[in-house]
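Asker: Sequence and predicted structure are below.
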Amino acid sequence: MSLSVGFIGLGNMGGRMSKRLVAAGLPIVGYDPEPAQNEFWGVPRAESIAALVNVSDVIFFSLPNSGVVEAVVYGKDGLLANCRDGQIVIDMTTASPASSRKVAADLATKGTIFLDAGVSGGAPSAGDGTLIVMVGGDADALAKVQDVLAPLVKIVHHMGASGSGHTAKLINNFLNGVSLSATAEAMVVAKQAGLDLSQMLDVLNASSGMNFATVNRFPRIINGDYLEGGLSGALMEKDLHLYVELARDMGVPALNAHGSLATFQVANGMGYVNKISNRVVDAIGEYSGGARIND
């Protein structure tokens, strides 16, 4: 018998994941503050969080941040007030590990198991079921939900105790932010210097400057394809803030993170906050006198 699923948060990532669970034939309901999201993704709607919790064995979160997660958990008629022994919560939000550990401990008082599950791969991988998932929490509970995760993921890494999945995710997103902002800056410098950007990328990708952004992003961005649908500038800034907090808690100065964080803060202040984070290169170009790398 299939485990019943509830999915809270049907946005850019959650909508795609829940749609895949529908297509896999799993019994599922979804909840989002915007009811139109259910119709858009083709997910049966639960009228409230409480109603979703009451009919679900496994509950997914895909939410903007830890504040929203805590509102869902601790709010009136929220998860904590309605959960029961044996339920499993899988939080795919990019969230604070400290908050995740607190939520896990509080849900455990009701017998509900909380798995923090950071994901990598973005909207394309959410849509085709090839996400990489980093999970913290009870290994036996993770084993129980393998069939539910199967339509969504390519690889699952159990990272250890509660909070470790979200810790791994923040480390990954720190490197993602640094490589994106640094490569964006380098491309604007190359443009201003009169270099051929396609050739410059060929050089970088055969040399020590190669990174995810030079290989996977900028060959398309220089031709005007910003890979729309991915992480926004606002969410990138949020993730880098969380990484800085994590590093501070670990006694690490996060020197490299601050430069990338400042870049996205400037870009967001220039009006790029709700645009895909790849457009940070346009903000840097605009700040540099109006350079555009894909003119």
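Answerer: Sure thing, it's come through.

Asker: which residues in this structure form strands?
Answerer: 5-8, 28-31, 58-61, 88-91, 113-120, 131-136, 153-160 (DSSP state E).

Asker: Tabulate the ones you listed in a markdown table, adding columns for distance to L107.
Answerer: (Glycine included, C-beta is placed from N, CA and C.) A markdown table is the format used below for the strands of the chain (distance: least, C-beta to C-beta, whole Å):
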| stretch | distance to L107 |
| --- | --- |
| strand 5-8 | 14 |
| strand 28-31 | 17 |
| strand 58-61 | 10 |
| strand 88-91 | 6 |
| strand 113-120 | 5 |
| strand 131-136 | 14 |
| strand 153-160 | 18 |
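
Asker: Out of the ones you listed, the one nearest E39 is which?
Answerer: Among the strands of the chain, strand 28-31 comes nearest to E39, with 10.5 Å by C-beta to C-beta.

Asker: circling back to that earlier point, would CSV of the strands of the chain with mean pLDDT be doable?
Answerer: Output for the strands of the chain, formatted as CSV (pLDDT from 0 to 100):
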stretch, mean pLDDT
strand 5-8, 98
strand 28-31, 98
strand 58-61, 98
strand 88-91, 98
strand 113-120, 97
strand 131-136, 98
strand 153-160, 98
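
Asker: Test my guess that Y31 contacts A46.
Answerer: Yes. Assessed by C-beta atoms under 8 Å, Y31 is found in contact with A46 at 4.7 Å.

Asker: Overlap in contacts, these two.
Answerer: Residues touching both Y31 and A46 by C-beta atoms under 8 Å, 6 or more residues apart in numbering: G6, L52.

Asker: Looking only at neighbour counts, state which of the two leads.
Answerer: Shown here are Y31 and A46; by other C-beta atoms under 10 Å, Y31 has more neighbours (25 against 22).

Asker: The more buried one pairs with what?
Answerer: For Y31, the beta-bridge partners are I8 (DSSP bridges).

Asker: need the contact list for it.
Answerer: Counting by C-beta under 8 Å, 6+ apart, Y31 makes contact with G6, F7, I8, G9, L10, R45, A46, S48, I49, A51, L52.

Asker: Let's have these in TSV, adding distance to A36.
Answerer: Converted to TSV, these look like this (distance: C-beta to C-beta, whole Å):
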residue	distance to A36
G6	19
F7	16
I8	16
G9	14
L10	9
R45	10
A46	15
S48	17
I49	18
A51	18
L52	17
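
Asker: Near E185, how many residues? Count them for me, please.
Answerer: Residues contacting E185 under the criterion other C-beta under 10 Å number 18.
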